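J.: coordinates only, sequence not included:
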């Protein structure tokens, strides 16, 4: 099963930035879209962003538009989520998932175990 591994989370003060990574090990992601989501224990998972296989399509949830930026480096088999101006309500476990196709409209596989982001002063 193809899986992605998230990293880069941590504790950060409000207004600061973090960059998360989503990496594939042992396989290429060149032909697949990648999505990001987050989840707080006891709450529904929120889809945040998606980037298609060649970076020409990037979608964002309204609550992160203007603050988060998704990107990818296919040569490194890695996608990134740059998160700026973080707020306490951004605290969650952030996960990524590999698409079954090239585009964000295609179905996605399972979400990874994620990386914890805590925004607190």
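T.: Alright, I've got the coordinates. Everything quoted here is computed from the prediction, not taken from an experiment. Numbers count the residues shown, from 1 in each chain.
J.: which residue is nearest the middle of this protein?
T.: residue 36 (3.0 Å; Cα atoms, centre = their mean).
J.: ok, that residue touching residue 95?
T.: Yes: if you go by Cβ atoms under 8 Å, residue 36 and residue 95 touch, sitting 7.3 Å apart. From N, CA and C alone the C-beta is placed, and that goes for glycine too.
J.: mind showing which ranges of this structure have poor pLDDT?
T.: Residue ranges of the chain with pLDDT under 70: 1.
J.: ok, what's across the strand from the residue nearest to the centre of the chain?
T.: residue 49, residue 96 (DSSP bridges).
J.: likewise residue 7?
T.: Beta-bridge partners, per DSSP bridges, of residue 7: residue 21.
J.: Look at it and say how many residues are nearby.
T.: For residue 7, the count of nearby residues is 13 (other Cβ atoms under 10 Å).
J.: ok, it to residue 18 distance?
T.: For residue 7, the distance to residue 18 equals 11 Å [Cβ to Cβ, to the nearest Å].
J.: between these two, what contacts are shared?
T.: Residues touching both residue 7 and residue 18 (Cβ atoms under 8 Å, 6 or more residues apart in numbering): there are none.
J.: quick one: the helices in this structure?
T.: Counting by DSSP state H, the chain has no helices to list.
J.: what about the strands in it?
T.: Under the criterion DSSP state E, strands of the chain are mapped to 4-7, 10-12, 18-24, 34-39, 46-51, 58-60, 68-73, 78-83, 92-98, 115-119.
J.: what's the angle from the fifth one to strand 78-83?
T.: I take that to be strand 46-51. Relative orientation of strand 46-51 versus strand 78-83 (axes from the mean of the first three to the mean of the last three Cα atoms, to 10 degrees): 130 degrees.
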